[in-house]
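Visitor: next one to model:
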Amino acid sequence: MKLHDLREPEGAKRPRKRRGRGIAAGQGKTAGFGTKGQNSRTGRGGKLYFEGGQLPLVRRLAYKRGFRNVNRVEYTVVNVGALELFPEGTVVGPELLLETGLVKKLDQPIKILGEGNLPHALTVQADKFSDAARAKIEAAGGAIVELG
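Guide: Predicted coordinates for the structure are as follows:
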């Protein structure tokens, strides 16, 4: 089979309906729109929003306020208190956090927050740090490495 041999299967394409072209065409006179009424007239159908006088769907639904920022960056958060399970002098990076289960996936950037205490020095690697977390890690004698 060659490219020029390809054809659509029989009956795959229907001929278009030629409406309003006489009785013989099968769609003559009223052209399939019925007799009289708003939907048979020119400029058919009325407003999209109009539901025959019933309260329209748009008005029945709750009013959605505010907006969703499309540029928002969603972080996976880890608290300083959770890092105390690592022994002193450990380099705590995203891979180690994933191994220990403190982070479920590495598809989001990691942010360290200041909840809890850190009793010993660690080198912590993350994308962002809160001011409180930064202060607690440095107070314990640890170091901070910001990724990205």
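Visitor: just checking, what packs against the longest helix seen in the chain?
Guide: The longest helix of the chain (DSSP state H) is helix 131-139. Secondary-structure packing of helix 131-139 (3 or more C-beta pairs under 8 Å, 6 or more residues apart in numbering; DSSP states H and E): strand 110-113, strand 143-146. Bear in mind the C-beta positions are built from the backbone N, C-alpha and C, glycine included.
Visitor: how about it: buried residues?
Guide: Neighbour counts using 16 or more other C-beta atoms under 10 Å place 133-134, 136-137 of helix 131-139 among the buried residues.
Visitor: how far away from the center of its chain is it?
Guide: Its chain's C-alpha centre and that of helix 131-139 lie 34 Å apart, by C-alpha atoms, centre = their mean, to the nearest Å.
Visitor: buried deepest among the helices and strands packed on helix 131-139, which one?
Guide: Per-stretch averages of neighbours, counted by mean count of other C-beta atoms under 10 Å, single out strand 110-113 among the helices and strands packed on helix 131-139, with a mean of 21.
Visitor: what is that strand packed up against?
Guide: Checked by 3+ C-beta pairs under 8 Å, 6+ apart, strand 110-113 has strand 76-79, strand 123-126, strand 128-129, helix 131-139 packed alongside it.
Visitor: give me that answer again for 10 Å
Guide: Packing contacts for strand 110-113, counted by 3 or more C-beta pairs under 10 Å, 6 or more residues apart in numbering; DSSP states H and E, involve strand 76-79, helix 94-100, strand 123-126, strand 128-129, helix 131-139.
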